[in-house]
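Chemist: Pasting the sequence and the predicted coordinates here, then a few questions.
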Amino acid sequence: MKILYFAWLRDTIGTGHEDVSPPAGTVATVGDLIAWLKDQSPAHAKALVDTDRLRFAVNQDYAKPDTPVKAGDEIAFFPPVTGG
């Protein structure tokens with residue numbers, strides 16, 4: 001899986017992207033992926049602590065925590081977009 005981080009998530013985690021390979025059977029949804037990522041480092045845990053403040057995309061389509069993910073997917077994490 002390719003993970004993309006935007007805005008303050010990128011700054012907190014220390015990278016804009018990473019390739020991950022969670023152990024088989026541990027990650028089936030975006031929510032599972034978030035839980036697994038939180039265990040990978042203190043920076044991940046800090047950045048992903050409040051998922052209500054985040055938006056997700058799987059293969060460039062908006063997603064929710066229960067959206068399925070699989071090996072080879074691109075998952076993006078970003079804060080809500082505002083503008084005016």
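Modeler: Nice, thanks for sending it over.
Chemist: Going by residue numbers, what spans are strands in this structure?
Modeler: For the chain, strands defined by DSSP state E occupy the ranges 2-5, 17-19, 55-58, 61-63, 74-78.
Chemist: ok, residues contacting the last one?
Modeler: Under the contact criterion CB atoms under 8 Å, 6 or more residues apart in numbering, strand 74-78 has outside partners 1-7, 9, 30, 33, 47-48, 54-60, 63, 69. To be clear about C-beta, it is placed using only N, CA and C from the backbone, and glycine gets the same treatment.
Chemist: hmm, try it at 7 Å
Modeler: Contact partners of strand 74-78, identified using CB atoms under 7 Å, 6 or more residues apart in numbering, comprise 1-7, 9, 30, 33, 54-59, 69.
Chemist: Name every strand pairing with that strand and say which way it goes.
Modeler: Take DSSP bridges as the rule and strand 74-78 pairs in its sheet with strand 2-5 (parallel), strand 55-58 (antiparallel).
Chemist: Show me which residues of that strand are buried.
Modeler: Ile75, Ala76, Phe77, Phe78 (16 or more other CB atoms under 10 Å).
Chemist: I'd like to know which of the contacts of strand 74-78 are buried.
Modeler: Among these, those classed as buried by 16+ other CB under 10 Å are 1, 3-6, 9, 30, 33, 54, 56-58, 69.
Chemist: where does the chain have low pLDDT?
Modeler: 82-84 (pLDDT under 70).
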